[in-house]
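Give the three-dimensional model of this entry:
(3 chains)
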Amino acid sequence: MPELPEVEVTRLSFASRIAGARIQSVVLGKPLRWPLGCEPQLLVGQQIVGVRRRGKYLLVDLQGGLLLVHLGMSGSLTFSAHAGPAGKHDHFDLHTSQGLLRLNDPRRFGAVVFAPTQNSPQAQKLLGKLGVEPLGDGFDLATFCALIKKRRAPIKQALLAGDVVVGVGNIYASEALFLAGIRPTTRCARVSRARLALLHQAVRSVLTRAVEKGGSTLRDFSNAQGESGYFQLEAAVYGRAGQPCRVCGSVVRAIRQGQRSTFYCPSCQKP
DNA sequence: CACGGATCCTGATGGC
DNA sequence: TGCCATCAGGATCCGT
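Numbers count the residues shown, from 1 in each chain, chains lettered A, B, ... in the order given. Next up is the predicted model:
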């Protein structure tokens, strides 16, 4: 489901409300992608210090460790004062003194994993190979160019891989490449430095705008307060195959790359 | 080691 | 309450 903007919007919607809460009980549903990695009882009584984000992971800091929460393709979090009974797709409930944090995830590609510290093997297995944060200071153009130039894969695949820059998923990869005027199939090494500079800026701007809009283009996205209706951000190319490009009027095309849909404008985006 | 494909799972949608 | 194929926001694992 969620790319960086949706994860960040989710974080912003409950981080301050859950901070300081004490965990009262943990209820697990069906298995998620990975096991929790500790006895649920270990969490009970711990205080929640805060919620950070790394890539598409939410890091729920506890006094004695942290929970790494990933929403996979179809996950969403809610945090509410009054807890209803768990539904069919509610697979992780964290009852706290300040409300219930609940993960709903029909496809169960998501996960909640406990780690004793962020440097522990459990955490590093998931976080250790992640690329730089696109909205942070570490996302500098020279490093971005150097890493991309080393590769031979199509540029879109490199964006999605997450080991150069994190948080860019299938929707925003197509959107950023459109903004930069780069054909998604172009091999990394063949993208000019000038266009990589445009792409570097496009990644920042498309993600920033999506966070500001409250999480985008996703049809069924809602934040942890259950607020939806955030669909103001119009995609330039994603999901618009056969429709006219908003810039030049050419017909937007859809192709498959690595089992994922890619959309582009054949005249605005040059190979 | 970098790459491409298969894979986990459920639900929505559209053709027949 | 039809059946079947295809597709969906992710990312790991495995063979080459």
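
what number of residues lie near A:Q41?
9 (other Cβ atoms under 10 Å). In this view, the C-beta of every residue, glycine as well, is placed from N, C-alpha and C.

sorry, that was for A:V26
21.

and the stretch 1-150 of chain A, which of its residues are near DNA strand C?
A:1-3, A:6, A:33, A:55-56, A:70, A:72-74, A:107, A:109, A:126, A:129 (Cβ under 7 Å from any atom of the strand).

From those, list just the buried residues.
Listed as buried from these are A:M1, A:P2, A:E3, A:E6, A:G55, A:K56, A:H70, A:G72, A:S74, A:L126; burial here means 16 or more other Cβ atoms under 10 Å.

quick check, nearest of the residues you listed to DNA strand B?
Using Cβ to the nearest atom of the strand, A:S74 comes nearest to DNA strand B of these, at 6.7 Å.

gap between that closest one and A:L103?
Per Cβ to Cβ, to the nearest Å, A:S74 is found 11 Å from A:L103.

Now do the shared contacts for the two.
Listed as contacting both A:S74 and A:L103 by Cβ atoms under 8 Å, 6 or more residues apart in numbering are A:G110.

Any chance of the backbone angles for A:G75?
phi -90, psi 150 (degrees, to the nearest 10).

Tell me how many other residues crowd it.
Neighbour tally, A:G75, other Cβ under 10 Å: 28.

That one and A:V112 touch, don't they?
No - in this structure A:G75 lies outside contact range of A:V112 using Cβ atoms under 8 Å: 9.7 Å.

any residues in contact with both of those two?
A:L103.

how about the helices in the stretch 151-271 of chain A?
Applying DSSP state H, counting those that start in this stretch to the stretch 151-271 of chain A gives helices spanning A:155-161, A:170-180, A:193-212.

Domain ranges for chain A, per the record?
Chain A breaks down by automatic domain parsing into domains covering A:4-127, A:141-264.

and the last one, how far apart are its ends?
When you say that, I think you mean domain A:141-264. 24 Å (Cα to Cα, to the nearest Å).

touching DNA strand B at all, it?
Yes - against DNA strand B, domain A:141-264 shows contacts by Cβ under 7 Å from any atom of the strand at A:R151, A:R152, A:A153, A:P154, A:Q157, A:A158, A:A161, A:C188, A:G258, A:Q259.

can you check the first one too?
Yes - for domain A:4-127, a contact with DNA strand B is found by Cβ under 7 Å from any atom of the strand, at A:K30, A:R33, A:S74, A:K88, A:H89, A:P106, A:R107, A:R108, A:F109.

Can you lay out those as CSV showing pLDDT?
Listed next are the residues of domain A:4-127 next to DNA strand B as CSV, based on pLDDT from 0 to 100:
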residue, pLDDT
A:K30, 97
A:R33, 97
A:S74, 95
A:K88, 95
A:H89, 97
A:P106, 96
A:R107, 97
A:R108, 97
A:F109, 97
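
measure A:Q47 to DNA strand B for me?
Distance of A:Q47 to DNA strand B, computed by Cβ to the nearest atom of the strand, to the nearest Å: 33 Å.

And A:R52, how far from A:A21?
Distance, A:R52 to A:A21, using Cβ to Cβ: 16 Å.

Looking at these two, which is more packed in?
In this view A:R52 and A:A21 are compared by other Cβ under 10 Å, and A:A21 has more residues nearby, 19 against 14.
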